[in-house]
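# Structure, please.
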Amino acid sequence: MKHQSWFFLILVLIGAVVLSGCDIFGRVQPEDPQVVLQTSIASTQLALEEIETIVAATLDAMPTVEQKAPEVPTPTGIVAVPTSTTIPTLQPTEAPTSAPTEAPTSTPTDMLTSTPTSAVPLAQVSVPTNCRTGPGIIFDQVSILDVGRQVEVIARNASGTYWVVRNPGGEGTCWLWDQYVTITGSTADLPIWDSPPTPTPTAGETPTTVTMRVSIPTNCRVGPGIPYEIVSVLQANRTVEVLARHATADFWVINNPVGSGTCWVWGEHATFTGAWWNLPVQDAPPAPTPAPEVTPTAVTMKVSIPTNCRVGPGIPYEIVSVLQANRTVEVLARHATADFWVINNPVGSGTCWVWGEHATFTGAWWNLPVQDAPPAPTPAAVTLRVRVDTNCRVGPGIPYDIVTIFRIGKTATVVGRHASLDFWVIENPEGSGTCWVWGKYATLTGPSSSLPIWDPPPRP
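Numbering: from 1, shown residues only. You can find the predicted model right below:
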């Protein structure tokens, strides 16, 4: 408050001096403008000198202050005139400052960083695929992962060719081949599992017949692999004797399931019984030479996926062979609907019917003769036997009640199947009605692929 009084007094004195220098209180003004201008400049210079003297004296008389004095405003209308006289100024003490704060950086804090949570990796297959006790067909089959079903992925092998998944048919885990697998979710953090020990023959094991059964229809060829012609098709769940194997244990020699001689079957979708490792190793026959080109003037067709060639136009007719993808064949006739086409059997003699849904044509196919379909076949009965006593239930699986027990040595008529080919609907062997039997220990005879697919009853 004391300092404010001093400054107020200074301002009053300065104002009085300025006013007196300007002589605004005089009653008589010079008439000559030049004289008025010179008088004003002289008076202003004198007033400034008096201000400097007053300020200097006042500052000498004032005690030292701890804060910087406010700036003295310059009166309006006064023009600053340079002077060589130095006006003493206060030396202000260091102004208090607030504690410095840390400058923000561009590095985001943990609160702002969001790490996406990796989804649980899931596996699904494009064809039914065996799930085994280890990575390869030498290991026992545990269950089958069906198309459209997803299972959690637990681990993988070092080469990334097999995935360890939760057993789709029971408890525990099993190994799934990567060939037909699609993975969703992150697999970067999956552990790498070593393969379990390779199974070895039991000591003192008596050699027995080796048999195999495939879970899906599988081509039987002249040699081990796609370059060789197809001889026939080994139907799903049919058991056949194995005569020899390839050195890689990927292909197996069996008796031709629909004719004479032998042929080679891929073992990926197969289950074996017996000491297969004692089978003789058979060398592959020479690779076949390419077929000659078809005459351009003929009507030809080429399918984009392997397509069954049947005795007649449609699923009720038996399969004769398979027309492989991208193979060009001559077309001899067509059905009236132009949905099915008659061609020479691509792997044998005679003719057969191919569905045209996945085919492309060259030539004037509309000029082909129309051929009538042969009489529809009467479906043959499909029967089933089991190797161990097996529960026959109200539905496909443990949650359903047991109706009866299907005993070893008995034969039952199969009337339907589950879409997964894991369960079969049979006529109740101990009473009326039907029940569901697990196919793990079953052997079927007859065209099981033509059986109708049954939907399971509601779960209890």
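
# low-scoring stretches of the stretch 251-400 of the chain, by residue?
290-296, 379 (pLDDT under 70).

# if you set the cut-off to 90 instead, what comes out?
257-261, 268-269, 274-278, 287-298, 314-320, 337-339, 347-350, 357, 365-366, 376-381 (pLDDT under 90).

# contacting residues around the most centrally placed residue in the chain?
In the chain, the centroid-proximal residue (CA atoms, centre = their mean) is Thr184; its distance is 2.9 Å. By CB atoms under 8 Å, 6 or more residues apart in numbering, Thr184 lies in contact with Ala119, Pro121, Leu122, Gln124, Gln150. Just so you know, the C-beta spots here come from the backbone N, C-alpha and C atoms, and that holds for glycine as well.

# Out of those residues, which is nearest to Pro191?
Checking the contacts of Thr184 against Pro191 by CB to CB gives Pro121 as the nearest, at 11.8 Å.

# Other residues contacting the host helix or strand of Thr413?
Counting by DSSP states H and E, the element that carries Thr413 is strand 412-417. For strand 412-417, the external contacting residues (CB under 8 Å, 6+ apart) are 381-385, 406, 423-427, 429, 434, 437, 444, 446, 448, 451-454.

# now do 10 Å
Applying CB atoms under 10 Å, 6 or more residues apart in numbering, the contact partners of strand 412-417 are 236-237, 381-386, 392, 396, 406, 423-429, 434-437, 439, 442, 444-446, 448-455.

# Show me what counts as buried in it.
Going by neighbour count (16 or more other CB atoms under 10 Å), the buried part of strand 412-417 is Ala412, Val414, Gly416, Arg417.

# Could you give the separation of it from the chain centroid?
In terms of CA atoms, centre = their mean, to the nearest Å, the centre of strand 412-417 is found 38 Å from the chain centre.

# average pLDDT for that strand?
Averaged across strand 412-417, pLDDT comes to 93.

# related to what we said a few turns ago, from the buried residues of strand 412-417, pick the one nearest Pro224.
Arg417 (30.2 Å).

# ok, now how distant is the closest one from Ala442?
Distance of Arg417 to Ala442, given as CB to CB, to the nearest Å: 11 Å.

# shared neighbours, those two?
Shared contacts of Arg417 and Ala442, counting by CB under 10 Å, 6+ apart, come down to Asn237, Phe423, Trp424.

# Can you tell me which of those has the most neighbours?
Ranked by neighbour count (other CB atoms under 10 Å), these have Trp424 at the top, with 26 neighbours.

# give me phi/psi at that one?
Backbone torsions of Trp424, given as degrees, to the nearest 10, read phi -130, psi 140.

# same question, Ile183
Residue torsions, per degrees, to the nearest 10, at Ile183 are phi -100, psi 140.

# Redo the shared contacts of Arg417 and Ala442 as a markdown table? Include distance to Leu176 and pLDDT.
Formatted as a markdown table, the shared contacts of Arg417 and Ala442 follow (distance: CB to CB, whole Å; pLDDT from 0 to 100):
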| residue | distance to Leu176 | pLDDT |
| --- | --- | --- |
| Asn237 | 20 | 90 |
| Phe423 | 21 | 95 |
| Trp424 | 24 | 95 |
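
# Quick one: the residues you listed as JSON lines, columns for distance to Val231 too.
Conversion of the shared contacts of Arg417 and Ala442 to JSON lines gives the following (distance: CB to CB, whole Å):
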{"residue": "Asn237", "distance to Val231": "20"}
{"residue": "Phe423", "distance to Val231": "31"}
{"residue": "Trp424", "distance to Val231": "28"}
